[in-house]
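Asks: here is a sequence with its predicted model. Questions after.
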Amino acid sequence: MRRPSRASVINDIERILKSGDRLGKYRWETNGVECTLDRHTYYGALYSFDVEVLRVRATARPKWQLYLIPEFWRNEAGEAVRINSTFNNSSSCACDF
């Protein structure tokens, strides 16, 4: 059986977690998991970036924890120069994702 691509897994996780009413919230629960969001922003003369650190944690067995980290980089004109998303599975086997 073919494994899904990393981008496909990230898109699925983002879609599931962003469902429901979470506007303005930094901590919420959805689909049986606890979510926490931290946002970090930097504005400089030549570039700026935003980083979100989304921690997703299952409280039921089997317990697991996942970090999803999207980055948004812009040049001095405010145009996007790089958009990147990574994830880190910190509590279970890497083969689970």
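Replies: Looks like it came in fine. The structure presented is a predicted model; accordingly, all values stated were derived computationally and were not measured. Residues are numbered from 1 along each chain as shown.
Asks: from Y67, how far off is the residue nearest to L66 when sequence neighbours are not counted?
Replies: Distance criterion Cβ to Cβ, 6 or more residues apart in numbering; nearest residue to L66, sequence neighbours excluded, is V56 at 4.6 Å. The way it works is simple: take the backbone N, C-alpha and C, and place the C-beta from them, glycine included. Shown here: V56 relative to Y67, a distance of 8 Å by Cβ to Cβ, to the nearest Å.
Asks: what about those two, which has more around it?
Replies: Neighbours per residue (other Cβ atoms under 10 Å) separate V56 from Y67, with V56 holding more: 20 against 15.
Asks: for that one, name its beta-bridge partners.
Replies: Beta-bridge partners recorded for V56 (DSSP bridges): C35, L66.
Asks: check F49 too.
Replies: Y42, W73.
Asks: re the thing from before, need the overlap of contacts for V56 and Y67.
Replies: Contact with both V56 and Y67 is made by no residue, according to Cβ atoms under 8 Å, 6 or more residues apart in numbering.
Asks: residues contacting W73?
Replies: Contacts for W73 (Cβ under 8 Å, 6+ apart) come out as Y47, S48, F49, A80, V81, R82, I83, N84.
Asks: what's the closest of those residues to R61?
Replies: N84 (32.7 Å; Cβ to Cβ).
Asks: residues contacting that closest one?
Replies: Shown in contact with N84 (Cβ under 8 Å, 6+ apart): P70, E71, W73.
Asks: which residue in these has the weakest pLDDT?
Replies: For the contacts of N84, the weakest pLDDT value sits at P70, with 90.
Asks: tell me which element the residue lying closest to that one once chain neighbours are set aside falls in.
Replies: Nearest residue to P70, sequence neighbours excluded (Cβ to Cβ, 6+ apart): S85, at 4.4 Å. Assigning secondary structure by DSSP states H and E places S85 in strand 80-89.
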